[in-house]
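>>> Build me a model from this:
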Amino acid sequence: MVTYVVRRLITAALILLGASYLVYLLTAASGDPLEEFRASSAPNKQQLMDSRSQLLDLDTPAPLRYFKWLGGAARCLVPWAGTCDLGKNIAGEPITGALGHALVQTLTLVTGATILAILVGITLGIITALRQYSTLDYGVTFMAFLFFSLPIFWVAVLLKEFGAIGFNNFLKNPEIPLPVALGIGAVLGVVAAVSVGGDLKRRLITGGVVFAVVAGVLIYFSATLWFKAPGLGPVLIVIAGIGIAFAVTLLTAGLKNRKALQSSLIAVGVGLVAYYAVQPLLNEATFLMVVLLAVATVLVGMGIGYLVGGYDRGQSMRAAGITAFLVGFLILLDRYMQAWPAYFNNSRVRGRPIATIGASTPNIEGDFWILSLDSFTHLILPTMALVLISLAGYTRFTRASMLEIMNMDYIRTARAKGLTERTVVMRHAFRNALIPIATIVAFDIGGLIGGAVITETVFSVRGMGFLFFDGISHVDPNPVMGVFVCVAITAMGFNLIADLAYSALDPRVRVKA
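Numbering: from 1, shown residues only. Predicted coordinates:
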């Protein structure tokens, strides 16, 4: 294993050297960095040209400039020495500083969208594979390919129009007319009836229940102006927590495992107590505090599963740990909702919280919750745009992989042995179906560092894509090379992780020197 990893790293380093050399030369030969000055009539034109030439070292041939750049980049291998030098851009700003800022912007923008696309896409892929050729299968396939076929800039503009401008106008007077509430409930009821499967009676009951619940909730939201002062409260958290406990137990251990179900329900009860206990602490929250509380929540849940677990503590710990984490997320969401009125009425927000451009509201002030809400509201639209566009790939790959696995002999054998359908799907089929998906996920995660150029442009986010495009447009190799190195190293690293993941997912696969 170690020999294999070392060999792959050496090969990756050689590939990176060759590829970076080509990229540098192609960027340098793509245009004239002095073109904007040559057509200028300014009296100091020659001084500006000389300054740009000196800054970019244009008097040195491009191949030699590459090796100068490589010498500075090599010092980045010792980051604690503080000697990393990737050159400067045409504005005289060090690339290391610009790259750090752009990387934070891109990771903030794209990471959440990629994780959501992976989770939702894989989930939909499994469901459609299990319901092959059903109305749900056709519907999900149609919607996935519809969004996949749409240009990202058009989706982004529509989201800005209806998801930001329209919704902000609605928040001025958040009343939902009765016909609209009934219409939304009817549409979701039909979707639920189509999705649930089974006989006609089961479909009608499910659709009717969903219609009544959705319409009732929307009418309640309208009557109480809930969108201006939202909140969950302990009652809704407990009700949702009980539903989460049953769902998580069903997926991880099966409802026949009473110990796992008891562990999950106890975790919900502990979460109710924690709801009141942590409120004073959350008033002084920081990001590190939230992370530590999340870790402690999972550990408490796993501890409950260990104490109550009985003969199979592993399943109980897993079920209780996931349930505790999700209940903790509901408590955190409720705290964000408590801060919503203060953010909504902030003088910088002025009652229009869903942002259309930028990564934050200029000069906004407030505590951790206000600033976090500001970041989230700026991420909603670009995240939705990226998720809708990238969802189809994960859905179709997962569906195809699951269908292939579900028709194999060992799946029939597992069913013939009397294993439950949950065990067959989650433990036997899903794990092996992840093997080809691991490749797609690894490449997508590696590529996300490069940023989403179009999305960043539409939403005015100065991320990695913007930095790369700016370097290309000004024939400036330094920012292009900075982005290229980050993307290449990340892609190669995750490609190696994917190869190692094959061995973990399939015992028949072994990595050898």
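>>> Longest helix in this structure, by number of residues?
Taking DSSP state H as the criterion, the chain has its longest helix at helix 368-406.
>>> Quick check: next helix or strand after it?
Using DSSP states H and E, the helix or strand that follows helix 368-406 in sequence is helix 409-416.
>>> how distant is the longest helix of the chain from the center of its chain?
Chain-centre distance of helix 368-406: 6 Å, with C-alpha atoms, centre = their mean, to the nearest Å.
>>> Pull out the buried residues from that helix.
Neighbour-count burial for helix 368-406, with 16 or more other C-beta atoms under 10 Å as criterion, is recorded at 368-374, 377-399, 401-403, 405-406. Heads up, the C-betas are built off the backbone N, CA and C, glycines and all.
>>> Looking at stretch 194-212 now, give me its mean pLDDT.
Summarised as a single mean, pLDDT over stretch 194-212 is 85.
>>> Centre of the chain to it, how far?
What separates the centre of stretch 194-212 from the centre of its chain is 32 Å, taken as C-alpha atoms, centre = their mean.
>>> Now the phi/psi pair for the residue of the chain positioned farthest from its centre, please.
Residue distances from the centre of the chain (C-alpha atoms, centre = their mean) peak at Pro43, which lies 50.8 Å from the mean C-alpha position. In terms of degrees, to the nearest 10, the main-chain angles of Pro43 are phi -70, psi -30.
>>> for Pro94, same thing?
Phi and psi for Pro94, reported as degrees, to the nearest 10, are phi -60, psi 140.
>>> what's the neighbour count on it?
Neighbours of Pro94 under the rule other C-beta atoms under 10 Å: 16.
>>> So what sits opposite it in the bridge?
Lys88 (DSSP bridges).
>>> what about Pro341, neighbour count?
13.
>>> Just say helix, strand or coil for the nearest residue to it once chain neighbours are set aside.
Distances taken as C-beta to C-beta, 6 or more residues apart in numbering place Ala229 nearest to Pro341, at 5.2 Å, with adjacent residues excluded. At Ala229 the chain is in coil, as set by DSSP: H, G, I helix; E, B strand; the rest coil.
>>> now the angle between helix 409-416 and the longest helix of the chain, please.
100 degrees (axes from the mean of the first three to the mean of the last three C-alpha atoms, to 10 degrees).
>>> Now do helix 368-406, average pLDDT.
Helix 368-406 shows a mean pLDDT of 88.
>>> Show me what it is packed up against.
When contacts are defined as 3 or more C-beta pairs under 8 Å, 6 or more residues apart in numbering; DSSP states H and E, helix 368-406 sits against helix 95-130, helix 135-149, helix 152-158, helix 313-344, helix 430-448, helix 453-458.
>>> Dump the ones you listed into JSON lines; add distance to Gly241 as well.
Listed next are the helices and strands packed on helix 368-406 as JSON lines, based on distance: least, C-beta to C-beta, whole Å:
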{"stretch": "helix 95-130", "distance to Gly241": "20"}
{"stretch": "helix 135-149", "distance to Gly241": "28"}
{"stretch": "helix 152-158", "distance to Gly241": "35"}
{"stretch": "helix 313-344", "distance to Gly241": "5"}
{"stretch": "helix 430-448", "distance to Gly241": "25"}
{"stretch": "helix 453-458", "distance to Gly241": "35"}
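>>> mean pLDDT lowest for which of those helices?
When those are compared by mean pLDDT, helix 430-448 comes last with a mean of 77.
>>> so what's the residue nearest the centre of the chain closest to, chain neighbours aside?
What sits nearest the mean C-alpha location of the chain, by C-alpha atoms, centre = their mean, is Gly112, with 2.2 Å. In space, Gly112 comes closest to Thr383 once its chain neighbours are excluded; the distance is 5.4 Å by C-beta to C-beta, 6+ apart.
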